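> Predicted model follows, preceded by the sequence.
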Amino acid sequence: MACKIRGVISDMDGVILDSEKLYVRFWCEAADFYGYPMERRHALGIRSMARPFAIERLQGWFGKDFDYDLVRNKRIELMDKYVGVHGIQAKQGAKALLEWLKANGYSVALATATPVDRASLYLGNVGLLRYFDKVCSARQVKNGKPEPDIYLFAANKLGLAPEECLALEDSPNGARSAAAAGCKTVLIPDLDNPAEELKDLIFTSADNLIRVIEILTQTQTDK
């Protein structure tokens, strides 16, 4: 018998915050600064990907001399400068979904590649931090996405089994991480739509965050 969903674990960038587009933009700009011809497709290919996997992929594209840390630090510099002026916006429906989850007794955690302090700052700036019971970062586990560690860690922090958690992801790497952990995974596409390639891994896909309320309501009704 399927477990009742008692918690929701969400990625941050591209799901809760409209920030994935900034990572893509500034990865490309940072790489270009050092002479690497990174395109949008390359940046999309490393979304939510842990450092060792990202290095392997980037060096496969641009050669063994690609300096991941050098380019990443430049990306951080450029993005921090932009965010300092323009800020980051929440995704449409984020506050409504989070309010509904808390009102209906769900435990809520964040599972992000972003460090905890930075993620908490971003969420606090848009008034959403208070809705999260736990903020979990890949920095706190051995292996980042697409390995399952971050979702296992977040579920444990909520005191739940992964099977009791609905996971919200926008990227293939994140969806693979959540599915491998045993979470019921909902893909909410942001910059592209990889639903077809992930159809055997995910529970379903949704056009927006409000649709998650309908999915949870239907899932609980089907018990």
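Received the coordinates, thanks. Numbers count the residues shown, from 1 in each chain.

> Where does the prediction get shaky in the protein?
1-2, 221-223 (pLDDT under 70).

> What's the biggest helix in it, counting residues?
The single longest helix within the chain, with elements called by DSSP state H, is helix 68-86.

> Contacts for that helix, please.
Contact with helix 68-86 is made by 22-23, 26-27, 29-31, 33-34, 36, 51, 54-55, 58-59, as judged by CB atoms under 8 Å, 6 or more residues apart in numbering. Bear in mind the C-beta positions are built from the backbone N, C-alpha and C, glycine included.

> Which of those residues fall in helices?
Per DSSP H, the contacts of helix 68-86 map to helices at 22-23, 26-27, 29-31, 33, 51, 54-55, 58-59.

> Narrow these to those that are buried.
22-23, 26-27, 29-31, 54-55, 58 (16 or more other CB atoms under 10 Å).

> Redo those residues as a markdown table? Include distance to Ala109.
Shown next, in a markdown table, are those (distance: CB to CB, whole Å):
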| residue | distance to Ala109 |
| --- | --- |
| Leu22 | 23 |
| Tyr23 | 21 |
| Phe26 | 27 |
| Trp27 | 26 |
| Glu29 | 32 |
| Ala30 | 30 |
| Ala31 | 32 |
| Ala54 | 23 |
| Ile55 | 27 |
| Leu58 | 29 |
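
> Max pairwise distance over these: which two?
Within these, Leu22 and Ile55 form the most distant pair, 21.3 Å apart (CB to CB).
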